[in-house]
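Colleague: give the three-dimensional model of this entry:
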Amino acid sequence: MHVTETRAPAPPRPLLLADGRDAASAWTLDPGMRHLNHGSFGAVPRVAQERQSALRDEMERAPVVWFPRLPGRIAAARTALAGHLRVPARDLAVVPNASAGASVVYAALTARPGGDVVVTDHGYGAVTMGAARLARRWGGRVRTARVPLDADAGQACAAVLSEVDERVALIVLDQITSATARLLPAGRVGEEAARRGIPLLVDGAHAPGLLAAPLEGLVCDVWVGNLHKWGCAPRGTAALVARGPLRGELRPLIDSWSAAEPFPDRFDQQGTLDATGCLAAPAALDFIDGTWGWDAARRYMDELAEYGARVVADAFEASGGPAGPVDVGMPVPGMRLVRLPEGLGTSRVEADALRDRAAAELGVEAAFTSFGGTGYLRLSAHVYNTPGDYEYFADACVPVVGKWAQEARGRR
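Modeller: Model (predicted):
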């Protein structure tokens, strides 16, 4: 029994399948490891894996039959995906991932000589790098809005808009941040961007599944979100939603025979790419909906993330480390930050090295992130996780991570 029980909230009761088995039985995750990082690459349930395998078998049995029919099947799949996201199917195109969706937007924007692009210091690295390339092509620069980790919606909105003037030609904003596991006020920024006539790209990579209706009330030109994260779809499946005048300029990264079709139909044909992940994606979303219901699943994930963060944070504090979970200003369901002991994760490279070391030496898949020179453990729970996963990390892993911190400080 660990020392943090009196301070942690009561653990939620683990979810079960209809036949009484543990929820994890519906996945093929290695039972010899603890999987505490669903938010990075997701995890595909058996039912969706089996659906994708059957589709691949069908493709390989008769490829000349398969590929001419594929655009129609993708159109049907994105109609189903649009239902889960609560958006019209005519507004949604399927792309490989959120970063690819951002690249589609960067390629579509009319050249703006000297135009600047606004991002935040919470932005996802690949998307921010693409914004920087765009600004260089325009002869402008990237402006990075500094949003304090604990900023509320008003403070965060003010920080973003403080970088916006007549030279700004695009704003790129995370709906849910990756490194810092918090919301940003995309709705408020979107209203002001629309008033000023500035295009807004919302990176909603983590939003599908984690937020019930991620685009409800959201004013933006383009929104992109990964379905392989919280939605548990096969990797390589993401949604691009476009509502404004820019949609007519959006084109897939690969020109194919549907290039002359209107948006979003032109995205339904991408040559000989394996699109079975997209076709199997509804099976993953439907499985969670039919087994527990998405509202119940989200509620469990959030309660579990809160419990896990408190248990792990208390363990760090009891061993002389930082005190308490982290205040992120606008918390997001299902994800929490815990500060690491001093000396760990001071950069993205160091944080990634911790991820690899934890997997190799502790048997734990975990996300270590860095923001402002401070290292964090980012906890992201899903339905297959249980309180025991976080209790194990607190009891067995926190002491080892503390030793790693001592070693790191000794080298500095």
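Colleague: contacts and neighbour counts: CA atoms only from here.
Modeller: OK.
Colleague: which stretches of the stretch 201-350 of the chain form strands?
Modeller: 222-226, 238-242, 335-339 (DSSP state E, counting those that start in this stretch).
Colleague: could you give the angle of the second one to strand 222-226?
Modeller: Think strand 238-242. Going by axes from the mean of the first three to the mean of the last three C-alpha atoms, to 10 degrees, strand 238-242 is angled at 170 degrees with respect to strand 222-226.
Colleague: who does strand 238-242 pair up with?
Modeller: strand 92-95 (antiparallel), strand 222-226 (antiparallel) (DSSP bridges).
Colleague: buried set for that strand?
Modeller: If you call a residue buried by 16 or more other C-alpha atoms under 10 Å, then strand 238-242 has these buried ones: Ala238, Ala239, Leu240, Val241, Ala242.
Colleague: what distance do you get for the closest residue to Ile288 other than its chain neighbours to Thr276?
Modeller: Distances taken as C-alpha to C-alpha, 6 or more residues apart in numbering put Trp294 closest to Ile288, at 6.4 Å, once the chain neighbours are dropped. Note on Trp294: its distance to Thr276, by C-alpha to C-alpha, to the nearest Å, is 24 Å.
Colleague: ok, Pro63 next?
Modeller: On the measure of C-alpha to C-alpha, Pro63 and Thr276 end up 13 Å apart.
Colleague: ok, Leu377 next?
Modeller: In terms of C-alpha to C-alpha, Leu377 sits 34 Å off from Thr276.
Colleague: same check, this time on Gly32
Modeller: In terms of C-alpha to C-alpha, Gly32 sits 29 Å off from Thr276.
Colleague: and what of Gln52?
Modeller: 6 Å.
Colleague: Leu92 contacts Arg78, correct?
Modeller: Yes: using C-alpha atoms under 8 Å, Leu92 is in contact with Arg78, at 7.0 Å.
Colleague: show the pLDDT at Gln269.
Modeller: pLDDT recorded at Gln269 is 93.
Colleague: surely it touches Arg69?
Modeller: No: with contact defined as C-alpha under 8 Å, Gln269 does not count as touching Arg69 (9.8 Å).
Colleague: neighbour count winner among the two?
Modeller: With neighbours defined as other C-alpha atoms under 10 Å, Gln269 and Arg69 compare such that Gln269 has more, 24 against 12.
Colleague: list the contacts for the more buried one?
Modeller: Leu70, Pro71, Ser256, Trp257, Ser258 (C-alpha atoms under 8 Å, 6 or more residues apart in numbering).
Colleague: helix/strand/coil for the second one?
Modeller: Yep, that's Pro71 we're talking about. helix (DSSP: H, G, I helix; E, B strand; the rest coil).
Colleague: now do the contacts for the residue lying closest to it once chain neighbours are set aside.
Modeller: Excluding the flanking residues, the one nearest Pro71 by C-alpha to C-alpha, 6+ apart is Asp268, at 4.8 Å. Residues near Asp268 by C-alpha under 8 Å, 6+ apart: Leu70, Pro71, Gly72, Ile74, Ala75, Ala93, Val94, Ser258.
Colleague: compare Pro63 and Thr276 (neighbour count), which wins?
Modeller: Taking neighbours as other C-alpha under 10 Å, Pro63 and Thr276 compare with Thr276 leading, 22 against 14.
Colleague: all helices for the stretch 101-250 of the chain, in order.
Modeller: Ranges of helices in the stretch 101-250 of the chain, per DSSP state H, counting those that start in this stretch, are 125-138, 153-161, 186-196.
Colleague: save those as JSON lines, and put in mean pLDDT too.
Modeller: Conversion of the helices of the stretch 101-250 of the chain to JSON lines gives the following (pLDDT from 0 to 100):
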{"stretch": "helix 125-138", "mean pLDDT": "97"}
{"stretch": "helix 153-161", "mean pLDDT": "98"}
{"stretch": "helix 186-196", "mean pLDDT": "97"}
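Colleague: is it possible to get CSV of those helices that adds mean neighbour count?
Modeller: Shown next, in CSV, are these (neighbours: other C-alpha atoms under 10 Å):
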stretch, mean neighbour count
helix 125-138, 19
helix 153-161, 18
helix 186-196, 18
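Colleague: dump those to JSON lines, plus distance to Ala43.
Modeller: Shown next, in JSON lines, are the helices of the stretch 101-250 of the chain (distance: least, C-alpha to C-alpha, whole Å):
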{"stretch": "helix 125-138", "distance to Ala43": "22"}
{"stretch": "helix 153-161", "distance to Ala43": "31"}
{"stretch": "helix 186-196", "distance to Ala43": "27"}
